[in-house]
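A.B. asks: only the shape, not the letters, is given here:
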C-alpha cells in the first residue's frame, strides 16, 4: 500500500496575535462551513482575523481508512495521528484560499470526538482518546497552542482547555467572537460552545458573541436546501417527528450576512480544500454554500443556554401541523400496518425461530401487562417475521396462563414461549431471561412497537462486528452539570443524533431494542431488593448502572435513530409517564448515588 506524501511541517509557527474577529471551530472545516464570508469580508475591510481550531480532526476512522486505503478495522492509532496531520494541512490550505496566513490559524490539539469528555473531566487523570491513544495536546503539521506557549503539551483536562481558551481571548482582544451553538447536535460542537461560554465569563470579554449551527438532525435535514445553491438563502429545516430541529433558536436568524456570487464560489473552493472530508460528506459540506451566512447572537452573561426568543417555530410549520391531509395520510399508514400484522398473525404458520442454532444463542425477550393483552400479539408477530430469526422468543407475564387470549396462545406453535413469573414490573423482560441464560445474547423489546423486519438483523450484525459493546437502536446522551452530576433527563441530548459511540454516556431506551452480550452487566443486576427500592419503574436506569459497574460501553447501530412505529390505542405504562416528570430523574439519581457512578462517566 502506498501512502499519500506527508505534508511539510511548519517550522516557524508563531503565537496568536490580536485581531478584531476571533472564530472558534471544533474541527478543521467548521469555520469554513459557517464563517468563510465573515473572514473574506473582514479582510476586505482591513480587519484582522484569527481562527482557533479545538481539535486536529483525528477522530474520523472512515476518513483515515479512505485516505490510507485500508479497511476500517485495520486503521490504527498511527493512521489517526497521520490523519490529524493531513487535516491540519487541509485547514491551512482552505484558509489560504480565503486570504489568511498560517499565522492566523491556531490549533489547540484537543481530542476529536472527545471534547465533551474533556469538558466533563475535572479530575487529575487526563482523558484518553480512543482513536489516537493520546492523553495530551499535539500538532504534527503545526504545533499546538500550549506547546508553542509553554514548551510542553497540555493534558486532556477541562482546566487545561479552559485556561487555553481564556488566555487566547485575553490575548486576541476581539470585537466579535464566533463559535458553534449549544443546540448543535454534535457533542464536540456543544463542548466547544461551553468552553468559549465559560472563558468569556472568566476573561471579562465585553464584545459580541455569535453562534452558528453545523449539525441539526440528519445531514439531509440541515442545512436546507441541499447542495451548493449560491444564489439562494438558507431555508428553515422541516419538522422531524413534529419537532423544530433548531430548538431554542428563532427563525429568521437575527444576523444574516450576504455573500456575493464571487464570495460564495471562493467559499466552495475553500471547502473543497478539505479533501479528506469532501470525499465522504461533500453533499452536507457544500450545502453550506448559500447566498448568505447566518448567526445567532448570545449574551455573554448566559447561564447554561442561549438567551434567545423561545417562540421559535416558523408560522408555516404551525400551519403544516394542523393540516388535515397530513393527519389523514398518517392515519391510513397506521391502519395499513396494523391490518397487515393482524392478517399475518391469523393465517401465517411460518416459524419465527432459526433452524440453525447459534453459539451463543440469540434470545429476544419482552414482557406485557394485562391491559395490553388484546394487542400484544401484533408486536410479537412483527418479531416472528424478522429477517434474522432468534433462537428463542420469550414473553414473560405475571398472571395465570388461562388469562392468555387465544390469538396470543396461537403464536406458541410458531416458536413463542410464554412464561409466568413474579411481578417485578418492567424488569420481567430481562431479569428472568438473564438468570436462565447467563451465557446467551439477550435482546429486549417493548410490547407496543411494530418492529421493522431488519430490526434484529441490524443489532446482531453490530454485535458480531464488536461483541464487547451493548448495542441499541436508540439512545440519549447523558449531560453532566458543572458539579459532575447528571443534568435532568429533559436536558439530555435526546436520541443523540449523529452520535454512534461507543460511549459510557449513551443511555439506551428500551423501546428501540437493546442487545446485551453475555456477561455485559454486573452480577448486581439480580439484586431485586435494590432495583425495586431505588428504581422500581425505571429499568433503563438500573441496566445503565449495571453496565457502568461492569465497564461496558453502549453503541448505537446507526448515528441517527429511525422513527419507531408505535401501536395505536396501547395504554401508557408507568415508565412512560415518569420519564415526563421529575420522578424519573429521582430514580436515576438514586441509582447513580447508591453505586457512586458519577465518577465513572
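C.D. replies: Okay, I see it. What you are looking at is a predicted structure, and each value in this text was computed from that prediction instead of being measured.
A.B. asks: for residue 267, give its distance to residue 36.
C.D. replies: Separation of residue 267 from residue 36 (C-beta to C-beta, to the nearest Å) stands at 4 Å. From N, CA and C alone the C-beta is placed, and that goes for glycine too.
A.B. asks: what sits in contact with each of these two?
C.D. replies: When contacts are counted by C-beta atoms under 8 Å, 6 or more residues apart in numbering, residue 267 and residue 36 are jointly contacted by residue 98.
A.B. asks: would you map the helices across the stretch 251-400 of the chain?
C.D. replies: For the stretch 251-400 of the chain, the helices defined by DSSP state H, counting those that start in this stretch occupy 261-272, 275-286, 315-322, 324-347, 376-384.
A.B. asks: residue 245 contacts residue 223, doesn't it?
C.D. replies: No - because the distance of 10.5 Å does not satisfy C-beta atoms under 8 Å, residue 245 is recorded as not touching residue 223.
A.B. asks: residue ranges with poor pLDDT in this protein?
C.D. replies: Scanning the chain for pLDDT under 70 picks out the ranges 1-15, 239-243, 299-330, 571-582.
A.B. asks: in it, which residue is closest to the centre?
C.D. replies: In the chain, the C-alpha nearest the mean C-alpha coordinate belongs to residue 499, at 2.6 Å (C-alpha atoms, centre = their mean).
A.B. asks: contact partners for that residue?
C.D. replies: 185-187, 477, 493, 506, 556, 559 are the contacts of residue 499 under C-beta under 8 Å, 6+ apart.
A.B. asks: so which of those residues comes closest to residue 31?
C.D. replies: Using C-beta to C-beta, the shortest approach to residue 31 within the contacts of residue 499 belongs to residue 186, at 14.4 Å.
A.B. asks: what is the neighbour count of the closest one?
C.D. replies: The burial count assigned to residue 186 is 24, neighbours taken as other C-beta atoms under 10 Å.
A.B. asks: go on, residue 170?
C.D. replies: By the other C-beta under 10 Å criterion, the neighbourhood of residue 170 contains 13 residues.
A.B. asks: distance of it relative to residue 19?
C.D. replies: When distances are taken as C-beta to C-beta, residue 170 and residue 19 turn out to be 13 Å apart.
A.B. asks: likewise residue 392?
C.D. replies: 65 Å.
A.B. asks: go on, residue 337?
C.D. replies: 58 Å.
A.B. asks: picking that back up, would you mind measuring from the residue nearest to the centre of the chain to residue 189?
C.D. replies: Using C-beta to C-beta, one obtains 11 Å as the distance from residue 499 to residue 189.
A.B. asks: before we move on, what about residue 359?
C.D. replies: Residue 359 sits 43 Å away from residue 189, going by C-beta to C-beta.
A.B. asks: so those two - more neighbours on which side?
C.D. replies: Neighbours around residue 359 and residue 189, counted as other C-beta under 10 Å, are more numerous at residue 189. The numbers are 27 against 8.
A.B. asks: would you list every one of the helices in the stretch 51-200 of the chain?
C.D. replies: Ranges of helices in the stretch 51-200 of the chain, per DSSP H, counting those that start in this stretch, are 61-67, 77-98, 115-120, 145-150, 158-172, 187-203.
A.B. asks: quick one, which of the ones you listed gets closest to residue 105.
C.D. replies: Comparing the helices of the stretch 51-200 of the chain by their distance to residue 105 (C-beta to C-beta), the top pick is helix 77-98, with 5.5 Å.
A.B. asks: buried ones in the closest one?
C.D. replies: With burial defined by 16 or more other C-beta atoms under 10 Å, the residues of helix 77-98 counted as buried are 79-95, 97-98.
A.B. asks: repeat that for stretch 181-196.
C.D. replies: Under the neighbour-count rule (16+ other C-beta under 10 Å), stretch 181-196 has 181-196 buried.
A.B. asks: list the residues that contact residue 275.
C.D. replies: Taking C-beta under 8 Å, 6+ apart as the criterion, residue 275 is in contact with residue 90.
A.B. asks: with residue 394 instead?
C.D. replies: By C-beta under 8 Å, 6+ apart, the residues touching residue 394 are 363-366, 417, 419, 433.
A.B. asks: tell me the bridge partners for it.
C.D. replies: With beta bridges defined as DSSP bridges, residue 394 has these partners: residue 365, residue 417.
A.B. asks: out of the contacts of residue 394, who has the most neighbours?
C.D. replies: Using other C-beta under 10 Å as the neighbour test, the contacts of residue 394 are led by residue 364, with 31 neighbours.
A.B. asks: not counting its neighbours along the chain, what's nearest residue 219?
C.D. replies: Leaving out its chain neighbours, the residue that sits closest to residue 219 by C-beta to C-beta, 6 or more residues apart in numbering is residue 284, at 4.1 Å.
A.B. asks: residues near the one you found, how many?
C.D. replies: Summarising burial for residue 284: neighbours were counted as other C-beta under 10 Å, giving 20.
A.B. asks: distance of it from residue 59?
C.D. replies: Taking C-beta to C-beta as the measure, residue 284 and residue 59 are separated by 17 Å.
A.B. asks: now residue 389
C.D. replies: Looking at residue 389 against residue 59, where the rule is C-beta to C-beta, the gap reads 37 Å.
A.B. asks: what does residue 392 give?
C.D. replies: Residue 392 sits at a distance of 39 Å from residue 59 (criterion: C-beta to C-beta).
A.B. asks: go on, residue 595?
C.D. replies: Residue 595 sits at a distance of 30 Å from residue 59 (criterion: C-beta to C-beta).
A.B. asks: who has more neighbours out of the two?
C.D. replies: Remark: of residue 595 and residue 59, residue 59 carries more neighbours, 22 against 17, as counted by other C-beta under 10 Å.
A.B. asks: so who does the more buried one touch?
C.D. replies: Listed by C-beta under 8 Å, 6+ apart, the contact partners of residue 59 are 80, 111-114, 129-132.
A.B. asks: which single one of the residues you listed is nearest to residue 163?
C.D. replies: Relative to residue 163, and with distances defined as C-beta to C-beta, the nearest of these is residue 111, at 16.7 Å.
A.B. asks: picking that back up, most tightly packed of the helices of the stretch 251-400 of the chain?
C.D. replies: A comparison of the helices of the stretch 251-400 of the chain by mean neighbour count, using mean count of other C-beta atoms under 10 Å, puts helix 376-384 on top with a mean of 24.
A.B. asks: and the residue lying closest to residue 51 once chain neighbours are set aside, how many neighbours?
C.D. replies: Once flanking residues are discounted, residue 51 sits nearest to residue 105: 4.7 Å by C-beta to C-beta, 6+ apart. In terms of burial, residue 105 registers 26 neighbours under the definition other C-beta under 10 Å.
A.B. asks: same question, residue 408
C.D. replies: Other residues lying near residue 408 total 22 when counted by other C-beta under 10 Å.
A.B. asks: before we move on, what about residue 160?
C.D. replies: By the criterion of other C-beta under 10 Å, residue 160 has 20 neighbours.
A.B. asks: distance of it relative to residue 118?
C.D. replies: Between residue 160 and residue 118 the computed distance is 8 Å (C-beta to C-beta).
A.B. asks: intersection of neighbour lists for those two?
C.D. replies: Once C-beta under 8 Å, 6+ apart is applied, it turns out that residue 160 and residue 118 contact no residue in common.
A.B. asks: show me how the chain divides into domains.
C.D. replies: When the chain is parsed with automatic domain parsing, its domains come out as 21-309, 351-594.
A.B. asks: got TSV for these, with distance to residue 345 too?
C.D. replies: What follows is the domains of the chain, written out as TSV (distance: least, C-beta to C-beta, whole Å):
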stretch	distance to residue 345
domain 21-309	28
domain 351-594	4
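A.B. asks: ok, now which ones touch residue 421?
C.D. replies: With contacts defined as C-beta under 8 Å, 6+ apart, residue 421 is in contact with 396-398, 428, 432.
A.B. asks: swap in 10 Å and give it another go.
C.D. replies: Residues touching residue 421, when contacts are defined by C-beta atoms under 10 Å, 6 or more residues apart in numbering, comprise 367, 396-398, 427-428, 431-433, 435.
A.B. asks: which parts of stretch 551-564 are buried?
C.D. replies: Counting neighbours by 16+ other C-beta under 10 Å, the buried set in stretch 551-564 is 552-557, 560-561, 564.
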